[in-house]
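*Asks:* Show me the folded form of this:
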Amino acid sequence: MNFINIPLQSQNQNKYLFQYQIKYENKPVGYTLVSKIDDMDDIEDIYLLEINIPMKENKIHFGEILKQSMYKFINLISGKTYQNSKLYLLLPQDSYYEILTAMSQYFIKNQSVNKKTIDYYKRRLVYDKYEDIPMILLELSLNFKNEIKRQTRLDISVKLSDTKLKGYDKSYIINAPKIKGLIYITLQNYLNSRDFDEISNRNNKPFLLWIELMENNKFDSQYFYTQCYLMNILNDDKIIFTNKSNLYFNFKKYFPEKCEQYMAQSWNFREFIRNQSLLDKITKENKVFIVRPAGIGAYSGKDIYITTNKQELNAAIEGTKRYDKVLISEYITNPLLFSGKKFHLRLYFLVGLIDGFLVSKLFDFYEILTASKPYKKSEWTNKDIHDTHFHGSSVDIIYPINIIDSQFYNDYLVKYLPKIQDCLIHISKFINGRIGVYPQTKNAFEIFGCDVLIKDDDSIVLMEINDKVEYVMKNTDSTIKLSKMYFNTIINNILNPILNNKPIESMDWLYCGKNKNLN
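*Replies:* Coordinates of the predicted model:
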């Protein structure tokens, strides 16, 4: 059995510590690699030792491959100690029984485990007690575990697929009205390829419940309470950051300097109009402010007022009476322009509570939404000039699908993205421990729409984070492309790790921290 070192590709050098091709009698049979995930909030160093070989053809070699892979890892970190670290051993998934048989043969041959014990383990396996497999393999690997722990103080956890899904059906439900705008074929094809069945029976316990709001702004009660392993909606605690007012004042409470840096200065509107010194900014100084309702009924630019004088202020007071919370903010009068028009970015922000961790990720694509007419630093109440909601843009501008302005694309990556990431990392930190999942699911995630405005000095302004996101495109081709990127991001970062039993904390997150609700 030979292990041939494979030079790491440049993009993976920060992730992989080593990668070896496994050869038997000069024929490649698979590979083994070690990767390290660190620098995550409140998490010990994580090492992944992955062995990837087709078991059916190589089961007689598996024990030796496992042993040599372990020893390669030991040699790699020889002389070091990792008291706060963990090693996950990721094993092939195509045949539990063949893995156990292969390991049994190796350990019996090396007199590590007696045959009576192996027969006992096999009987447990024959009776379909798959939840025992991690424990069985851990026991069988005891000599490796003790040797590694003795040399490095490193704990080992054995991971196999599907064991965590015990008690849930291999099925999924999609309950989504067409008004949402997404096309679900990418998600359906992925789950179908993993032998999951799409069902409509709410009495089952599916792996995934994907549910969206109906036209009445409520979930379908027939499906909403379905017991499931994973759901695409977080519970109502998310209002701490999806309500404009809550977002601003919570951000200001927990990270005041970051709030000042990334959000426009704001006040409670009803307190503002009772403060004469603040009122003077409008009635005497003619400064420009924007009044926005927050909470129930506030969406898509509805009942938003620009105020520069007392008359416009009175109109805002009258027009927002029915809302519980109303926010007034300094209006941005120096926006960066796109093709001569005011615009904002619609970014997609994933937040998940998975396996005891709060994780967040900014999607790699974004929309540019412009006003209808060229920008003027005047006519503040003219929506064609200043309103950048969805009805303003005449075409779909989705980067990086259709890059109209390559300079802006480069500026986004270099100038704006780092600031946006920093902003959302701090928001992820303040929501950790303050949001949760509904009782009918074990895990949940949700995709939020973040609206960000860029100023002409290259600073960014977070305007809001929406939970009622609609994916309304001007043409079908854009909808298809957006949907594919959208669901592939979810598949790669949420579904694949769960179904491949890869630790969720090992993925490339914007933020990852232990769920403080569980402490």
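*Asks:* Can you give me the buried ones in stretch 186-206?
*Replies:* Residues of stretch 186-206 classed as buried: 186-188, 190-191, 194, 196, 202, 204-206 (neighbour count, 16 or more other Cβ atoms under 10 Å). (C-beta placed from N, C-alpha, C; glycine too.)
*Asks:* among those residues, which are in helices?
*Replies:* Judged by DSSP state H, the buried residues of stretch 186-206 include 186-188, 190-191 as members of helices.
*Asks:* Could you point out which of the residues you listed is nearest to W267?
*Replies:* Relative to W267, the closest of those is L187; by Cβ to Cβ it sits at 42.2 Å.
*Asks:* Enumerate every residue touching that closest one.
*Replies:* 174, 210, 487, 490-491 (Cβ atoms under 8 Å, 6 or more residues apart in numbering).
*Asks:* Tell me where the stretch 301-450 of the chain has helices.
*Replies:* 310-319, 383-386, 406-411, 417-431 (DSSP state H, counting those that start in this stretch).
*Asks:* For K474, which of those helices is the nearest?
*Replies:* helix 383-386 (17.5 Å).
*Asks:* Would you mark the buried spots in that closest one?
*Replies:* 383, 385-386.
*Asks:* can you redo the helices of the stretch 301-450 of the chain as TSV with distance to D355 and mean pLDDT?
*Replies:* Formatted as TSV, these follow (distance: least, Cβ to Cβ, whole Å; pLDDT from 0 to 100):
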stretch	distance to D355	mean pLDDT
helix 310-319	46	91
helix 383-386	44	91
helix 406-411	35	90
helix 417-431	17	97
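*Asks:* okay, those in CSV with distance to S459 next?
*Replies:* Shown next, in CSV, are the helices of the stretch 301-450 of the chain (distance: least, Cβ to Cβ, whole Å):
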stretch, distance to S459
helix 310-319, 26
helix 383-386, 19
helix 406-411, 13
helix 417-431, 7
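*Asks:* Figure out which of those is closest to Q261.
*Replies:* Of the helices of the stretch 301-450 of the chain, nearest to Q261 by Cβ to Cβ is helix 417-431, at 7.9 Å.
*Asks:* And that closest one, what does it pack against?
*Replies:* In this structure, helix 417-431 packs against helix 239-242, helix 244-254, helix 256-262, strand 341-354, strand 357-370, strand 441-454, strand 460-466, strand 511-514, with contacts taken as 3 or more Cβ pairs under 8 Å, 6 or more residues apart in numbering; DSSP states H and E.
*Asks:* try 7 Å this time
*Replies:* If contacts are counted by 3 or more Cβ pairs under 7 Å, 6 or more residues apart in numbering; DSSP states H and E, helix 417-431 sits against helix 239-242, helix 244-254, helix 256-262, strand 357-370, strand 460-466, strand 511-514.
*Asks:* Run through the chain and note the low-pLDDT ranges.
*Replies:* 1-18, 20, 24, 29, 31, 35-164, 178-180, 297-301, 390-392, 518-519 (pLDDT under 70).
*Asks:* can you list the domains in it?
*Replies:* Under automatic domain parsing, the residue ranges defining each domain of the chain are 2-160, 169-236.
*Asks:* Let's see the distance spanning the shortest one from one end to the other.
*Replies:* What that stands for is domain 169-236. Using Cα to Cα, to the nearest Å, one end of domain 169-236 lies 26 Å from the other.
*Asks:* now swap in stretch 245-264 and tell me
*Replies:* 12 Å.
*Asks:* which outside residues touch that stretch?
*Replies:* Identification of contacts with stretch 245-264 by Cβ atoms under 7 Å, 6 or more residues apart in numbering yields 239-241, 266, 294, 325, 327, 329-330, 332, 423, 426-427, 430, 460-462, 464-465.
*Asks:* before we move on, back to that, now, among the contacts of L187, which is nearest to K166?
*Replies:* Nearest to K166 among the contacts of L187, with distances taken as Cβ to Cβ, is W210, at 21.6 Å.
*Asks:* quick revisit: wait, which of the buried residues of helix 383-386 is closest to I404?
*Replies:* Nearest member of these to I404, counting by Cβ to Cβ, is I385, at 20.2 Å.
*Asks:* The closest one and E379 touch, don't they?
*Replies:* Yes: at 5.7 Å, I385 and E379 qualify as touching, with contact defined as Cβ atoms under 7 Å.
*Asks:* For the closest residue to K287 other than its chain neighbours, the count of nearby residues, please.
*Replies:* Spatial nearest neighbour of K287, chain neighbours left out: K281 (4.6 Å); criterion: Cβ to Cβ, 6 or more residues apart in numbering. For K281, the neighbour count with other Cβ atoms under 10 Å is 16.
*Asks:* I'd guessed K281 sits against N275; true?
*Replies:* No: at 9.8 Å, K281 does not count as touching N275 under the criterion of Cβ under 7 Å.
*Asks:* List the buried residues of stretch 382-401.
*Replies:* Residues of stretch 382-401 classed as buried by neighbour count (16+ other Cβ under 10 Å): 383, 385-389, 392-393, 396-399.
*Asks:* burial count for Q222?
*Replies:* Per other Cβ under 10 Å, the neighbour tally for Q222 reads 10.
*Asks:* And for T307?
*Replies:* Using other Cβ under 10 Å, T307 has 25 neighbouring residues.
*Asks:* Kindly report the same for E25.
*Replies:* Using other Cβ under 10 Å: E25 sits among 7 other residues.
*Asks:* what's the spacing between it and S171?
*Replies:* Counting by Cβ to Cβ, to the nearest Å, the gap from E25 to S171 is 43 Å.
*Asks:* cool, and L362?
*Replies:* In terms of Cβ to Cβ, L362 sits 31 Å off from S171.
*Asks:* Next: T283.
*Replies:* 62 Å.
*Asks:* swap in N309?
*Replies:* Using Cβ to Cβ, we find N309 at a distance of 60 Å from S171.
*Asks:* of these two, who's got more company?
*Replies:* S171 (19 against 12).
*Asks:* Provide the backbone phi and psi angles at the more buried one.
*Replies:* Backbone torsions of S171, given as degrees, to the nearest 10, read phi -150, psi 170.
*Asks:* which residues does it contact?
*Replies:* 196-197, 199, 204, 206-207.
*Asks:* got the end-to-end distance for stretch 233-250?
*Replies:* End-to-end distance for stretch 233-250, by Cα to Cα: 21 Å.
*Asks:* what do you get for stretch 336-347?
*Replies:* For stretch 336-347, the first-to-last residue distance is 17 Å (Cα to Cα).
*Asks:* and if you look at stretch 497-513?
*Replies:* Stretch 497-513 has its terminal residues 17 Å apart, counting by Cα to Cα.
*Asks:* what's the answer for stretch 262-271, then?
*Replies:* End-to-end for stretch 262-271, by Cα to Cα: 23 Å.
*Asks:* do the same with stretch 494-509
*Replies:* End-to-end span of stretch 494-509 (Cα to Cα): 11 Å.
*Asks:* buried sites along it?
*Replies:* If you call a residue buried by 16+ other Cβ under 10 Å, then stretch 494-509 has these buried ones: 494-495, 497-499, 501-507, 509.
*Asks:* would you list those residues in CSV and tack on distance to I454?
*Replies:* Shown next, in CSV, are the buried residues of stretch 494-509 (distance: Cβ to Cβ, whole Å):
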residue, distance to I454
I494, 29
L495, 33
P497, 33
I498, 36
L499, 38
N501, 41
K502, 36
P503, 36
I504, 32
E505, 32
S506, 33
M507, 29
W509, 24
